[in-house]
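**Student:** got a sequence here, can you model it:
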Amino acid sequence: MVEDSATDADLALRLFRRAGIANPLTVLPSSERALAYLFGTGACAKRGPVRPLLILLDLQLPGMSGHDFLRRIRSHESTSDIPVVSLSMTRSAPAIMMCLQLGVAEHLIKPVDVAALLQVTRRLKLSLVMLPPECASARNERVCGPMAMQA
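**Tutor:** The predicted model follows:
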């Protein structure tokens, strides 16, 4: 998840946990940090590149916009086919059309609706690991640097 708002990231983590989604969720606060994470550059050089199952992308980011981030990952062979769900509070048709033209799988309105996200993952044939309800509240959460959380 590329999200600069700690409040929105925390809300998404809590919603996913409540829904019993067990997949790890890494939250990065900017497009630049997300690119370094994906390509294994900068502070992430020792770890190397990663290939997430799905990218949840806030469009209104400081520095490089979500649209520019999309252009960058779509221009690289190693990341061009990673499914992306754009997230925004806007219902603006031009902004949503631009996302679709840049290859997003879906555009969701914030706050994230877990049911809508689950529909998208099913349509994309992505495997979400679901915990039984009694286990969802007992999960551990790890914090990896500022705003980089895994659930």
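
**Student:** quick one, what contacts Phe69?
**Tutor:** Listed by CB atoms under 8 Å, 6 or more residues apart in numbering, the contact partners of Phe69 are 2, 31, 34-35, 57, 61. Where C-beta positions appear, they are placed from N, C-alpha and C, glycine not excepted.

**Student:** sort out for me which of these are in strands.
**Tutor:** Among the contacts of Phe69, DSSP state E puts Leu57 in strands.

**Student:** which of the contacts of Phe69 fall in helices?
**Tutor:** 31, 34-35 (DSSP state H).

**Student:** helices of the chain, start to end?
**Tutor:** Secondary structure of the chain by DSSP H: the helices cover 6-19, 31-39, 66-74, 93-101, 114-123, 133-136.

**Student:** lowest-confidence helix or strand of this structure?
**Tutor:** Sorting the helices and strands of the chain by mean pLDDT, DSSP states H and E puts strand 142-143 at the bottom, at a mean of 34.

**Student:** quick revisit: out of the helices of the chain, nearest to Val85?
**Tutor:** Closest approach to Val85 among the helices of the chain (CB to CB): helix 114-123, 5.8 Å.

**Student:** can you give the contact residues for that closest one?
**Tutor:** Contacts for helix 114-123 (CB under 8 Å, 6+ apart): 15-16, 18-19, 21, 54, 56, 85, 105-106, 108, 128.

**Student:** could the contacts of Phe69 be laid out in TSV, adding pLDDT?
**Tutor:** Converted to TSV, those look like this (pLDDT from 0 to 100):
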residue	pLDDT
Val2	97
Ser31	96
Ala34	96
Leu35	97
Leu57	95
Leu61	93
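
**Student:** got TSV for the contacts of Phe69, with distance to Leu70 and neighbour count too?
**Tutor:** Compiled in TSV, these are given as follows (distance: CB to CB, whole Å; neighbours: other CB atoms under 10 Å):
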residue	distance to Leu70	neighbour count
Val2	10	28
Ser31	9	24
Ala34	11	26
Leu35	11	20
Leu57	7	24
Leu61	11	23
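
**Student:** phi, psi of the nearest residue to Arg71 once chain neighbours are set aside?
**Tutor:** Of all residues not flanking Arg71 in the chain, Leu102 sits nearest, at 6.4 Å (CB to CB, 6 or more residues apart in numbering). In terms of degrees, to the nearest 10, the main-chain angles of Leu102 are phi -90, psi 0.
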